[in-house]
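Student: Okay, sequence plus prediction incoming.
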Amino acid sequence: MKTKHKLLAVFIIASILSLSYAVFLMMKEIDRPKLPLLGQVPQFILTDSQGRPFHSARLEGKTWIANFFFTTCSGICPVLTKNMAALHRTFEAVKEVTLLSITVNPENDTPEVLAKYAEKFKANTNKWLFLTGKREDITQLIVKGFKLGSVDEPIFHSASLALVDRYGFIRGYYDGTDQEAVNKLFVDAAVLVKEKKL
């Protein structure tokens with residue numbers, strides 16, 4: 001009889017602790033500040049590494065991460081791409097997350113060049129897209145859409161990775177060369193995937 005009472009007591013205590021922990025997690029979720037809205041990315045059409053048109057409408061309902069680079073860059077781009085590759089591996093099985101790497105040197109970075117570059121980083125190009133297009137379209141997208149880079153540079157790009165929500169709103173910029181910032185991006189992207197629809 002005593003054994004039954006002990007088991008019942010253990011069960012009640014475990015239940016109370018579990019419930020307390022669930023409430024704690026729920027309160028933590030409620031108290032977590034929402035990521036800011038930093039502007040909305042306009043609709044765009046570019047070309048993917050297979051030479052196919054890519055319309056941004058395909059990103060509706062998805063959380064996505066974008067960066068701007070060029071394949072012959074020997075400065076920040078290798079680090080940016082390495083960190084994008086790490087994010088790609090982490091989110092590859094998460095259907096709600098897509099990655100975009102958009103070249104800022106379209107004269108050199110043709111779909112064929114981008115395809116080889118993607119292969120070098122073992123990219124699944126259905127989940128991590130490498131995009132090119134007309135220079136003026138890319139410039140408009142970066143400078144006016146993402147508010148990054150400068151048209152005064154012949155080939156301009158940015159160390160920033162941009163996090164965009166399912167509605168096309170930019171929710172954060174992160175230094176793609178800084179591991180701590182990339183770790184924060186990973187967490188924030190996971191938050192956006194779970195964020196309730198507006």
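Tutor: In hand now; what should we look at?
Student: element containing Lys122, please.
Tutor: Using DSSP states H and E, Lys122 falls within no helix or strand.
Student: Look up how far Pro53 lies from Leu161.
Tutor: Distance of Leu161 to Pro53, given as CB to CB, to the nearest Å: 24 Å. Backbone N, C-alpha and C define where each C-beta goes, glycine included.
Student: Check Gly168 too.
Tutor: As judged by CB to CB, Gly168 and Pro53 stand 18 Å apart.
Student: These two: which has the busier surroundings?
Tutor: Legend: neighbour count by other CB atoms under 10 Å for Gly168 and Pro53, higher for Gly168 (18 against 9).
Student: what element comes up after the worst-scoring helix or strand of the chain on mean pLDDT heading to the C-terminus?
Tutor: The weakest-scoring helix or strand in the chain, judged by mean pLDDT, DSSP states H and E, is helix 2-31 (a mean of 44). Reading on from helix 2-31 to the C-terminus, the next helix or strand found by DSSP H and E is strand 45-48.
Student: Show me what that following strand is packed against.
Tutor: strand 53-55, helix 111-120, strand 128-132, helix 135-139 (3 or more CB pairs under 8 Å, 6 or more residues apart in numbering; DSSP states H and E).
Student: what is the mean pLDDT for it?
Tutor: Strand 45-48 shows a mean pLDDT of 98.
Student: Pull out the buried residues from that strand.
Tutor: Neighbour counts using 16 or more other CB atoms under 10 Å place 46-48 of strand 45-48 among the buried residues.
Student: Would you convert the residues you listed into TSV that also reports distance to Val94?
Tutor: TSV is the format used below for the buried residues of strand 45-48 (distance: CB to CB, whole Å):
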residue	distance to Val94
Leu46	23
Thr47	25
Asp48	20
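Student: Domain ranges for this protein, per the record?
Tutor: Domain ranges of the chain: 1-32, 45-194, per automatic domain parsing.
Student: I'd like to know which of those domains lies nearest to Leu38.
Tutor: Leu38 lies closest to domain 45-194 among the domains of the chain, at 4.3 Å (CB to CB).
Student: Secondary structure class of the residue lying closest to Asp175 once chain neighbours are set aside, three-state.
Tutor: Once flanking residues are discounted, Asp175 sits nearest to Ala181: 4.3 Å by CB to CB, 6 or more residues apart in numbering. Following DSSP: H, G, I helix; E, B strand; the rest coil, we place Ala181 in the helix state.
Student: Any stretches of this structure with poor pLDDT?
Tutor: Applying pLDDT under 70 to the chain flags the ranges 1-33, 149-157, 196-198.
Student: Just give me the residue closest to the centre of it.
Tutor: Compute the mean C-alpha point of the chain, and by CA atoms, centre = their mean the closest residue is Ile65, 2.4 Å away.
Student: Could you check which helix or strand contains the nearest residue to Phe146 once chain neighbours are set aside?
Tutor: Spatial nearest neighbour of Phe146, excluding adjacent residues (CB to CB, 6+ apart): Ala162 at 5.6 Å. Element membership of Ala162 [criterion: DSSP H and E] is strand 160-164.
Student: Right, I'll leave it there.
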